[in-house]
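S.K.: Provide a 3D model corresponding to the input given below.
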Amino acid sequence: MVLDEHTVAYLDFAGSNAETIAHLRENGRITLMWCAFQGPPNIVRVHGRGEPVFRDDPRFKELLTHFPDIDPTRHGLRAVIVVSAELVRDSCGYAVPHMSYDEDRDLHRKRFAREDDDSLSAYFTKKDHIATSLDGLPGLPLPLPPSTV
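M.R.: Here you go, the predicted structure:
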């Protein structure tokens, strides 16, 4: 979601490790990349500084207003990643293949709808590379911070 002319945000959900969160907490650097799989070949990268805004942060509730299609109580939502752009670059996407979008999958929503905060924290505690990254950096705070929503 575009928040202003220099700031974008996206939702961080359960289902993978916490590498992005861990590295943002370490040094704040992030690069986002979009590839055109249809139409003219193009790649756009946003280089900047990012921050994970966790569920107990007072800004969390306001940031969620930018995502009107997301139920803020949806289980599996771990943080909002906020990125301040420092440089935007594009390049050719000549090597990017043509691909078509068929539909969204509903598996993630169905899987994590079964969880509450306690069971989600227990699930994360058992998983590798959630509380710490692959290289030992602090990842997602566990147990999960309580939601401000």
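
S.K.: alpha carbons only for contacts and neighbour counts from here, please
M.R.: OK.

S.K.: which stretches of the protein aren't confidently modelled?
M.R.: Within the chain, the stretches with pLDDT under 70 are 72-74.

S.K.: now the strands for it?
M.R.: Ranges of strands in the chain, per DSSP state E, are 2-4, 7-13, 29-35, 42-54, 77-92.

S.K.: those into JSON lines, with extra columns for mean neighbour count?
M.R.: JSON lines is the format used below for these (neighbours: other Cα atoms under 10 Å):
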{"stretch": "strand 2-4", "mean neighbour count": "11"}
{"stretch": "strand 7-13", "mean neighbour count": "18"}
{"stretch": "strand 29-35", "mean neighbour count": "14"}
{"stretch": "strand 42-54", "mean neighbour count": "19"}
{"stretch": "strand 77-92", "mean neighbour count": "17"}
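
S.K.: nearest to H23, of the ones you listed?
M.R.: When these are ranked by proximity to H23, the top entry is strand 29-35, at 7.4 Å, counting by Cα to Cα.

S.K.: could I get the CA-only coordinates of the closest one as PDB?
M.R.: The C-alpha trace of strand 29-35 is given here as PDB (Å, rounded to 0.1, in the frame of the first residue of the first chain):
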ATOM      1  CA  ARG A  29      17.900  -1.800   5.000                       C
ATOM      2  CA  ILE A  30      15.300  -3.200   2.600                       C
ATOM      3  CA  THR A  31      14.800  -3.500  -1.200                       C
ATOM      4  CA  LEU A  32      11.400  -4.300  -2.700                       C
ATOM      5  CA  MET A  33      11.100  -5.600  -6.200                       C
ATOM      6  CA  TRP A  34       8.200  -5.800  -8.700                       C
ATOM      7  CA  CYS A  35       8.500  -7.700 -12.000                       C
END
